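Peer 1: predicted model, plus sequence, below.
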Amino acid sequence: MVGLWGIAEKMIAGRWIAGEGISDALEVSEKLNRRNVGAVINYLGEDLRDSEKISKACNKYMLLISDISKAGINASIAVKPTQLGLTLGYKTASANYGKIVSAARRKKIFVWMDMEESRYTDLSIKLYLERVKSKNTGICIQSYLRRSEDDAAKLLLSGATIRLVKGAYREPPEIAFAQRKDATRNFSRIMGLLFRKSERFMVATHDRQLISRAISMSGKSDARVSFGMLNGIMNDYAYRLAEKHDVQLYLPFGEEWVSYGYRRMRELRNSVLIAKSLLPSQH
Ligand SMILES: Cc1cc2nc3c(=O)[nH]c(=O)nc-3n(C[C@H](O)[C@H](O)[C@H](O)COP(=O)(O)OP(=O)(O)OC[C@H]3O[C@@H](n4cnc5c(N)ncnc54)[C@H](O)[C@@H]3O)c2cc1C
């Protein structure tokens, strides 16, 4: 029986997540597209160690690619290295990522590689660099990691497309900025680097000051900047931003919604995001 907490969890998660199936993700994407907003669709799941589950996730992405293409929706996809088998072994993840990127390239669909805990950063970058020449794939970089400015600089030398975020996992202070303000400062620094050295990238944050800074920098730059936000956090703001800029909302779907919901709740413990995202839409 689903208790009150279960119902509350589902309400909260339901605000962020499209639903359980591909058709749910496509339906919400179409709604976003009608507001001139693109979707970055992620099939929920991570740290998979069972080869059947890994194959299931890959097959789901192959179907998703084909369905996005058939429906003519403005959407990219986002995969997690440990969902493609990185915990089992590098070769498995590399083969799966390669298969997805190739299928997506045939359909002109972009594939984002999400970034997970720091123990996977090196291998994720390695995986990405193997496919960087495909041009239809980009990688997420987390500004809370002290190493990220160097990573971004190296990646850009290889022609990488970067999605910049603050970072969502718990990391030790030796390798990550413990204070949000330091992660924010580093975000600004890396964003400056992107404006100088990158032709296209995504600024993925709900931090209005960072977004404003990016908007003013984009006025003086030829770079193609897109703005990424999580679905269900501040969609009305995203719709307004989309009147003048390229905006894409990260839209997860799948059966594993509980763990995603928990992460959003945990990382946003100050409740600002949760409280605001539960309020009725503000125009
Ligand atoms: C498109 C996208 C992809 C992502 N991919 C990854 C990934 O691959 N790996 C990863 O580790 N993380 C990822 N994240 C999550 C990210 O790392 C952050 O955990 C998450 O975005 C919250 O950080 P923030 O940059 O929005 O800033 P925060 O510092 O959390 O928030 C900034 C400030 O913005 C304001 N604000 C925030 N929310 C609201 C609101 N609802 N209404 C009004 N004001 C608000 C508040 O004043 C808040 O203090 C992704 C995020 C996005 C948007």
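Peer 2: Nice, thanks for sending it over. Residues are numbered from 1 along each chain as shown.
Peer 1: what helices or strands is the helix or strand harbouring residue 92 leaning on?
Peer 2: According to DSSP states H and E, residue 92 maps onto helix 90-106. The contact analysis (3 or more Cβ pairs under 8 Å, 6 or more residues apart in numbering; DSSP states H and E) places helix 90-106 against helix 51-71, strand 75-79, strand 111-113, helix 121-131. Where you see a C-beta, it was placed from the backbone N, CA and C, and this is true even at glycine.
Peer 1: could I get these as CSV with distance to the ligand and mean neighbour count?
Peer 2: As requested, the helices and strands packed on helix 90-106 are exported to CSV (distance: least, Cβ to the nearest ligand atom, whole Å; neighbours: other Cβ atoms under 10 Å):
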stretch, distance to the ligand, mean neighbour count
helix 51-71, 16, 17
strand 75-79, 7, 24
strand 111-113, 8, 24
helix 121-131, 10, 18
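Peer 1: redo the ones you listed as TSV? Include mean pLDDT.
Peer 2: Converted to TSV, these look like this (pLDDT from 0 to 100):
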stretch	mean pLDDT
helix 51-71	97
strand 75-79	98
strand 111-113	98
helix 121-131	98
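Peer 1: near the ligand, which residues of the protein show up?
Peer 2: Residues of the chain lying near the ligand by Cβ under 6 Å from any ligand atom: 40, 114-115, 140, 142, 165-169, 180, 204-207, 228-230, 233-234, 250, 267, 272-273, 276-277.
Peer 1: in the helix holding residue 92, what counts as buried?
Peer 2: Within helix 90-106, the residues that qualify as buried are 92, 93, 94, 96, 97, 100, 101, 103, 104, 105, counting by 16 or more other Cβ atoms under 10 Å.
Peer 1: which residues touch that helix?
Peer 2: By Cβ atoms under 8 Å, 6 or more residues apart in numbering, the residues outside helix 90-106 that reach it are 51, 54, 58, 61-62, 65-66, 77, 79, 81-82, 84-86, 110-111, 113, 123, 126-127, 130-131, 134-137.
Peer 1: same thing with stretch 57-71?
Peer 2: By Cβ under 8 Å, 6+ apart, the residues outside stretch 57-71 that reach it are 22, 25-26, 29-30, 41, 43, 45, 48, 75, 77, 79, 83-84, 96, 99-100, 103-104, 107-109, 254.
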